[in-house]
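[1] here's a sequence, model it:
(one chain, ligands or ions: 3)
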Amino acid sequence: MRILIVGRSGQLAQELAARLPRDGHQVTALGQPELDLARPETIARAVEQVAPEAIVNAAAYTAVDRAEDERDAAFAVNETGSGLLAQEAAGRGVPLVHVSTDYVFDGTKDGPYAEDDVTGPQGVYGASKLAGEQAVLAAHPRSVVLRTAWVCGAHGNNFLKTMLRLGAEREKLSVVADQHGAPTFTADIAEAIARMLPGLAAAPAGDARFGVFHYSGLPFTTWHGFATEIFRQAAGRGAKVPGEVAAITTDQYPTKAKRPANSRLDCTRITAVHGIDPADWRVSLSTALDGLLSRG
Ligand SMILES: NC(=O)C1=CN([C@@H]2O[C@H](COP(=O)(O)OP(=O)(O)OC[C@H]3O[C@@H](n4cnc5c(N)ncnc54)[C@H](OP(=O)(O)O)[C@@H]3O)[C@@H](O)[C@H]2O)C=CC1
Ligand SMILES: Cc1cn([C@H]2C[C@H](O)[C@@H](COP(=O)(O)OP(=O)(O)O[C@H]3O[C@@H](C)C(=O)[C@@H](O)[C@H]3O)O2)c(=O)[nH]c1=O
Ligand SMILES: [Mg+2]
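    Numbering: from 1, shown residues only. Ligands and ions are numbered 1, 2, ... in the order given. Down below sits the predicted model:
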């Protein structure tokens, strides 16, 4: 299939550009300035030029704290641009996979979130992503909204790479231990998208394969639990790690945007409908560290 990946420099976009050709797909990854989700005219032009048979939107305004001060910029990309992209996909009759986030939830639920649970974003980023989900689903019945969480990988910037960097510099780190969720590695998300694309291309509007799906790693942990496992595995590979990783509360780590205390996603629907199982993030972490630490 000819596939358009929207986003080029992002961590998931780079992983998709590496993974999808392995299934024989012809892949074009476009980002700014050629395809700028904040500039509507570039969206239509890029889609027409590539003439894709499927589109994956891996681009977003992702600066969670900065979004609090840049509401218009966040909504322009995450809502308006994403909705327009969905319109283009609908116009061409091709399926769209649109990636979204756990931050659409308020985090007060006592247990993992299912796809139809009530949303309630705590910040501008989450609100703009929720508006984007709604715009995409309204514009195009043959779309998948794939909500994931705590995305990490070898490419781009993420919590894993921040921990490795800070861990090499400092003797002590403090990491929040009262936000619950699970890391999701870009390699696993790319694999999941690769597995669902052929079915989506064949499925008509109204098919159960479209709609909202949750996909994150297992087992559930906290950011502190994730950091602890990162340093355990990194130390095993000879990397310099901090002597202490203190468990702190969210109150002790003030940030501009509020994060949900519970980001746990119930991923049973994607398993039932698409046959895709959540990956053990500890295994994916090990693979990512093999690449990251051997490169020095
Ligand atoms: N990071 C995370 O922890 C999580 C991410 N997600 C979602 O996953 C998806 C992928 O995120 P991730 O790979 O981490 O994101 P990154 O922050 O790594 O990359 C974002 C990408 O979006 C592109 N982008 C930003 N603005 C525009 C624009 N106006 N037009 C075109 N492209 C633009 C960036 O390009 P450029 O570099 O040129 O600006 C970049 O390629 C997003 O939908 C995100 O909301 C969901 C849950 C967790
Ligand atoms: C660097 C650092 C972070 N933290 C906390 C802050 C935050 O609660 C948590 C994770 O930090 P981050 O900066 O990665 O958080 P954040 O950028 O909010 O990560 C989010 O990004 C968006 C795009 C999403 O969609 C979410 O799923 C989520 O992954 O760890 C510490 O406690 N100590 C530290 O030293
Ligand atoms: Mg971040």
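[2] what's the burial count for whatever residue of the chain ends up closest to ligand 1?
    Relative to ligand 1, the nearest point of the chain is Gly10 (2.4 Å; CB to the nearest ligand atom). In this view, the C-beta of every residue, glycine as well, is placed from N, C-alpha and C. Here the number of neighbours of Gly10 (other CB atoms under 10 Å) works out to 23.
[3] pretty sure it contacts Ala58?
    Yes. Shown here, Gly10 and Ala58 form a contact pair, counting by CB atoms under 8 Å, at 5.8 Å.
[4] what about the strands in the stretch 51-200 of the chain?
    54-57, 96-101, 143-148, 151-152, 172-176, 180-181, 184-185 (DSSP state E, counting those that start in this stretch).
[5] can you redo those strands as CSV with distance to Gly275, mean neighbour count and mean pLDDT?
    Shown next, in CSV, are the strands of the stretch 51-200 of the chain (distance: least, CB to CB, whole Å; neighbours: other CB atoms under 10 Å; pLDDT from 0 to 100):
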stretch, distance to Gly275, mean neighbour count, mean pLDDT
strand 54-57, 18, 26, 98
strand 96-101, 16, 27, 98
strand 143-148, 14, 25, 98
strand 151-152, 22, 26, 98
strand 172-176, 34, 17, 98
strand 180-181, 24, 22, 98
strand 184-185, 18, 28, 98
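[6] any chance of the ones you listed in TSV, with distance to ligand 1 too?
    Shown next, in TSV, are those (distance: least, CB to the nearest ligand atom, whole Å):
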stretch	distance to ligand 1
strand 54-57	7
strand 96-101	4
strand 143-148	5
strand 151-152	3
strand 172-176	15
strand 180-181	10
strand 184-185	7
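[7] turn these into CSV, including distance to Glu68.
    Shown next, in CSV, are those (distance: least, CB to CB, whole Å):
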stretch, distance to Glu68
strand 54-57, 23
strand 96-101, 16
strand 143-148, 21
strand 151-152, 20
strand 172-176, 18
strand 180-181, 21
strand 184-185, 24
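[8] tell me the spacing between Val56 and ligand 2.
    17 Å (CB to the nearest ligand atom, to the nearest Å).
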